[in-house]
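**Student:** Sequence first, predicted model second:
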Amino acid sequence: MHKMSAETLSAWFGQNRALKDITLPLVERKVTAVIGPSGCGKSTFIRCLNRMHEVVPGARVEGRVLLDGKSIYARDVDPVRVRRRVGMVFQKPNPFPALSVRENVLAGLKLSGIGSPDPDQLVEEVLRQAALWDEVKDGLERPGAALSGGQQQRLCIARCLALEPEVVLMDEPCSSLDPVATAKIEELVHELRERYTIVIVTHSMQQAARVSDYTAFFYQGELVEYDHADVIFTKPSDPRTEDYITGRFG
Ligand SMILES: Nc1ncnc2c1ncn2[C@@H]1O[C@H](COP(=O)(O)OP(=O)(O)OP(=O)(O)O)[C@@H](O)[C@H]1O
């Protein structure tokens, strides 16, 4: 079952075409990794999946992106609603430093003007889902800035989950983290796919091989190859994929 799909999706920054006719499914409750060399369009692609691309002045898209079979770019669709259903976690952990851990978790809801019937229960639930609860339960009023980098990233994941997304986009979520914190996030991604459809952009082929069910290899704005992760990493069919995964470029 496809939770989302891109159909002949192209994206521009002004005159510069960053994505060329991408057609790619995102299988429900699976992890799809997007890999490829710097500048190949990975971030642009995932930003088209929740209508973040269009917030850049001069940026535009063509083609379709479907969520549960419906176009997220249809005229009657509210982009704010799309961004709630398709949440995003960024490269650098970006908690609100002065807000407490608890307030950080609830910040997305607050900004969206959404109340929760039982905020304390929600805070515990999503911090548990983000594998952070045990580390912060005795310090929920401490500022977000007091956490380690890896904890901050899990806090941002909890903040994203509090909005009850269906799809979670992660743009190189481990790039600023040490190996131990990275391993924790990878383990978490593995657990989260029981509930969420996940797309992760990564520079690390080892990470893609470890966490993804499906892998898409992008090169110069094009989708070169998409398949089960084990196929991409053991028997890719395109020589460019093979060159990339064997470290010949990128
Ligand atoms: N805000 C922007 N304005 C203009 N061009 C941009 C902008 N962001 C990205 N681009 C261009 O779009 C292309 C794709 O960039 P994108 O960031 O999607 O690649 P990427 O694969 O995610 O790269 P990296 O791995 O380095 O993060 C590049 O040519 C880049 O220069």
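**Tutor:** Done, it's in. Numbering: from 1, shown residues only.
**Student:** ok, which residues in this structure are in contact with the ligand?
**Tutor:** F13, N16, A18, G36, S38, G39, C40, G41, K42, S43, T44, V56 (C-beta under 6 Å from any ligand atom). C-betas here are computed from N, CA, C, even on glycine.
**Student:** same thing but 8 Å
**Tutor:** Contact residues (C-beta under 8 Å from any ligand atom) of the chain with the ligand: 13-14, 16, 18-19, 36-45, 47, 56, 58-59, 171-172, 201, 203, 218, 221.
**Student:** Need the buried ones from those residues selected in PyMOL.
**Tutor:** To isolate the buried members of these in PyMOL, using 16 or more other C-beta atoms under 10 Å:
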select buried, resi 18+19+36+40+41+42+43+44+45+47+59+171+172+201+218+221
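**Student:** which ones among the residues of the chain next to the ligand are found in helices?
**Tutor:** Counting by DSSP state H, the residues of the chain next to the ligand place K42, S43, T44, F45, R47 in helices.
**Student:** can you tell me which residues contact the fourth one?
**Tutor:** Taking C-beta atoms under 8 Å, 6 or more residues apart in numbering, we find F45 in contact with A6, L9, A11, L19, I22, V34, V201, F218.
**Student:** any chance of those in a markdown table, plus distance to L155?
**Tutor:** Formatted as a markdown table, the contacts of F45 follow (distance: C-beta to C-beta, whole Å):
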| residue | distance to L155 |
| --- | --- |
| A6 | 30 |
| L9 | 32 |
| A11 | 30 |
| L19 | 31 |
| I22 | 32 |
| V34 | 24 |
| V201 | 20 |
| F218 | 29 |
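**Student:** Most widely separated two among those residues?
**Tutor:** The span of the contacts of F45, defined through C-beta to C-beta, is set by L9 and V201 at 15.5 Å.
**Student:** Tell me where the protein has helices.
**Tutor:** 42-48, 79-85, 101-111, 119-129, 133-136, 149-161, 179-192, 205-211, 229-234, 239-245.
**Student:** can you tell me which of the contacts of F45 are in strands?
**Tutor:** Within these, residues falling in strands by DSSP state E are A6, L9, A11, L19, I22, V34, V201, F218.
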